[in-house]
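Q: dropping the sequence and predicted coords here.
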Amino acid sequence: MDEALRDHKFAGPDLDLGLLMITVEGVLNNHILAQRHYQDLYGTDLDNPELRMRTKEHVKKVLSALVFPKK
């Protein structure tokens with residue numbers, strides 16, 4: 001995995017990829033556990049296809065910005 005990510009010009013050569021994977025898992029897990037927050041903020045949860053797609057795109061953008069920052 002380290003080699004594959006380095007081959008894609010992964011940001012930050014000193015980035016700890018193990019910790020990154022734990023961080024990504026934590027972000028994804030938090031969204032799964034946040035069903036009540038979705039209900040409170042949007043009146044629905046991730047069973048709603050539109051909100052699920054919106055959330056998926058948002059998480060991709062956030063993780064991409066963290067991992068591949070614009071220079």
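A: Right, received. Where do you want to start?
Q: show me where the protein dips below the pLDDT cut-off.
A: Scanning the chain for pLDDT under 70 picks out the ranges 1-14, 71.
Q: please report how far the residue lying farthest from the centre of the chain lies from residue 20.
A: Going by C-alpha atoms, centre = their mean, the residue of the chain most distant from its centre is residue 43, 22.4 Å out. Distance from residue 43 to residue 20, counting by C-beta to C-beta, to the nearest Å: 34 Å. All C-beta spots, glycine's among them, are computed from the backbone N, C-alpha and C.
Q: next: residue 46.
A: Distance from residue 46 to residue 20, by C-beta to C-beta: 24 Å.
Q: with residue 45 instead?
A: Distance of residue 45 to residue 20, given as C-beta to C-beta: 28 Å.
Q: just residue 26 next, same as before
A: The separation that residue 26 has from residue 20, given C-beta to C-beta, amounts to 11 Å.
Q: neighbour count winner among the two?
A: A count of neighbours by other C-beta atoms under 10 Å puts residue 20 above the other of residue 26 and residue 20, at 16 against 10.
Q: excluding covalently adjacent residues, which one is nearest to that one?
A: Leaving aside its chain neighbours, residue 20 sits nearest to residue 67 (7.2 Å; criterion: C-beta to C-beta, 6 or more residues apart in numbering).
Q: count of neighbours near the one you found?
A: Residues lying near residue 67 (other C-beta under 10 Å) number 16.
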